[in-house]
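A.B. asks: Predicted model and sequence below, questions to follow.
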Amino acid sequence: MKAAVLYDIEKLKIENIPVPKISDKEILIRIKACTICGTDVRIYHYGHKNISFPRITGHELAGEIVEVGKKVKDYKEGQKVTVAPHIPCGKCYYCQRGMQSMCLNFKAIAYHFDGGFAEFMRVPEIAIKGGCVNLIPDNLSFEEAALAEPLACAINGQELSGTKLADTVAVIGAGPLGCMHIQLARVKGAKKVILLETSFSRTEFARNFVMPDVLINPSRENAIEKIREETEGRGADKVIVACSNARAQEESLKMVSPRGVVNFFGGLPKNNPYIKFDSNLVHYKEFYVVGTHGSAPHHNRLALDLISQGKIKVKELITHKLPLEKIIEGLNLAQSGKAMKVAILP
């Protein structure tokens, strides 16, 4: 089979390698679509502590079951599936308390196991037992289903943020996840959604795609004052920083309302993760600061349902489709911001 094998940092080769062999308790799927995540770009350039080379990366994936182990129940050849990449152990302190995304002993597709930038992928037994394999609704394409993974992360983020009816939600960043957050906030019942973005192309895309109630360009106007104007001086109930920008994180602390929530959804670069944090703002306004870095398997199932029901649109987010042989071009497109989502079709 063809696969994009990452041998080391920035050493990626398209090779013909054997199709994975599965045990009696595993599944083999033919990958139909694997979208590129910002994490894939970072792994390509910097590696990851949980990855040993060589490794096939790619974790936003969808495919078709082509082989089922003799002892696997509930799945059969020909079914369309996604695989939630974060595999919880189910036994640790956090798993036992329903916080699977914080599992102390997790394993992950594209990190500990080979991922979706290949023609075929082995689904390990622990992923099947952990509820990570989800059937794709008939009305969804493989490309749409692959985007259940980032949407699952957004669902986790808004659960942690406590988005609820009548909230005013400010989303910083109009990338794919920012656009998902805007839609999800409405599903949660937000009365007003404010988008902050400096890129003209992404602003126009979001204006036509998710139609936020208010658009603010922080490079041209005072975003903090504009947020206050839109909220009778209180600030936004929820501020979701859906970009990897230190200044955005710092300014979000001045945009949030008393007793509101700031969510640092986008992580900062590993070599410069620090910001200026005015703790007196938290002290006097009694707001909360949370972060989000992933999701649990049940979030993936919820994401598929929301997309299938038409409550969250994702098809338009896929701006580029490339064959596996052009994966480096896809990584460059994703990094440059010229693409929203790039789908690799092995």
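C.D. replies: In hand now; what should we look at? Residues are numbered from 1 along each chain as shown.

A.B. asks: Any figure for the gap between Leu195 and Ala236?
C.D. replies: Going from Leu195 to Ala236 by C-beta to C-beta, to the nearest Å gives 11 Å. Where C-beta positions appear, they are placed from N, C-alpha and C, glycine not excepted.

A.B. asks: intersection of neighbour lists for those two?
C.D. replies: Residues touching both Leu195 and Ala236 (C-beta atoms under 8 Å, 6 or more residues apart in numbering): Ala170.

A.B. asks: What separation do you get for Met180 and Ile9?
C.D. replies: For Met180, the distance to Ile9 equals 29 Å [C-beta to C-beta].

A.B. asks: More neighbours: which of the two?
C.D. replies: When neighbours are counted by other C-beta atoms under 10 Å, Met180 and Ile9 differ, and Met180 comes out ahead with 29 against 12.

A.B. asks: Quick check: which element contains that one?
C.D. replies: Assigned by DSSP states H and E, Met180 belongs to helix 176-187.

A.B. asks: what helices or strands is that helix leaning on?
C.D. replies: Counting contacts by 3 or more C-beta pairs under 8 Å, 6 or more residues apart in numbering; DSSP states H and E, helix 176-187 packs against helix 148-161, strand 168-172, strand 192-196, helix 200-209, strand 236-241.

A.B. asks: please redo it, this time with the cut-off set to 6 Å
C.D. replies: With contacts taken as 3 or more C-beta pairs under 6 Å, 6 or more residues apart in numbering; DSSP states H and E, helix 176-187 sits against helix 148-161, strand 168-172.

A.B. asks: looking at these, which is buried most?
C.D. replies: strand 168-172 (a mean of 30; mean count of other C-beta atoms under 10 Å).

A.B. asks: Quick one: work out the angle between that strand and strand 192-196.
C.D. replies: Strand 168-172 and strand 192-196 meet at an angle of 20 degrees, taking axes from the mean of the first three to the mean of the last three C-alpha atoms, to 10 degrees as the criterion.

A.B. asks: Now Lys226: which helix or strand?
C.D. replies: For Lys226, the element it lies in under DSSP H and E is helix 223-229.

A.B. asks: chain center to that helix: distance?
C.D. replies: Helix 223-229 has its C-alpha centroid displaced from the chain centroid by 28 Å (C-alpha atoms, centre = their mean, to the nearest Å).

A.B. asks: Only alpha carbons, please: show that helix as CSV.
C.D. replies: What follows is helix 223-229 as a C-alpha-only set of coordinates in CSV (Å, rounded to 0.1, in the frame of the first residue of the first chain):
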residue,chain,number,x,y,z
ALA,A,223,-11.6,45.0,20.0
ILE,A,224,-12.0,45.3,23.8
GLU,A,225,-14.1,48.4,23.5
LYS,A,226,-16.1,47.0,20.7
ILE,A,227,-16.9,43.9,22.8
ARG,A,228,-18.0,46.1,25.6
GLU,A,229,-20.2,48.2,23.3
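
A.B. asks: Name the residue closest to the centre of the protein, please.
C.D. replies: For the chain, Pro150 is the residue whose C-alpha lies nearest the centre (C-alpha atoms, centre = their mean; 2.4 Å).

A.B. asks: any idea how far Phe287 is from the closest residue to that residue other than its chain neighbours?
C.D. replies: Distance criterion C-beta to C-beta, 6 or more residues apart in numbering; nearest residue to Pro150, sequence neighbours excluded, is Leu177 at 5.8 Å. Counting by C-beta to C-beta, the separation of Leu177 from Phe287 is 22 Å.

A.B. asks: More neighbours: which of these two?
C.D. replies: When neighbours are counted by other C-beta under 10 Å, Leu177 comes out ahead of the other of Leu177 and Phe287, with 26 against 20.

A.B. asks: Please tell me I have it right and that one contacts Cys243.
C.D. replies: No: Leu177 is not in contact with Cys243 according to C-beta atoms under 6 Å; the separation is 8.7 Å.

A.B. asks: Correct me if wrong, but Ile29 is in a strand.
C.D. replies: Yes: counting by DSSP: H, G, I helix; E, B strand; the rest coil, Ile29 falls inside a strand.

A.B. asks: what is it paired to in the beta sheet?
C.D. replies: Taking DSSP bridges as the rule, Ile29 bridges to Ile65, Met121.

A.B. asks: and if you look at the one 4 residues further on?
C.D. replies: Ala33 has these beta-bridge partners by DSSP bridges: Ala62.

A.B. asks: Do I have it right that it meets Glu60?
C.D. replies: No: if you go by C-beta under 6 Å, Ala33 and Glu60 don't touch, sitting 8.5 Å apart.

A.B. asks: Return, as residue ranges, the portions of the stretch 1-150 of the chain with sub-threshold pLDDT.
C.D. replies: The model of the stretch 1-150 of the chain has no residue with pLDDT under 70.

A.B. asks: end-to-end on stretch 185-197?
C.D. replies: Using C-alpha to C-alpha, to the nearest Å, one end of stretch 185-197 lies 17 Å from the other.

A.B. asks: can you count the residues close to the nearest residue to Ile27 once chain neighbours are set aside?
C.D. replies: In this structure, Ile27 finds its nearest non-sequential neighbour in Val123, 4.2 Å apart by C-beta to C-beta, 6+ apart. A total of 26 residues lie near Val123 under the criterion other C-beta under 10 Å.

A.B. asks: do the same with Lys129
C.D. replies: 12.
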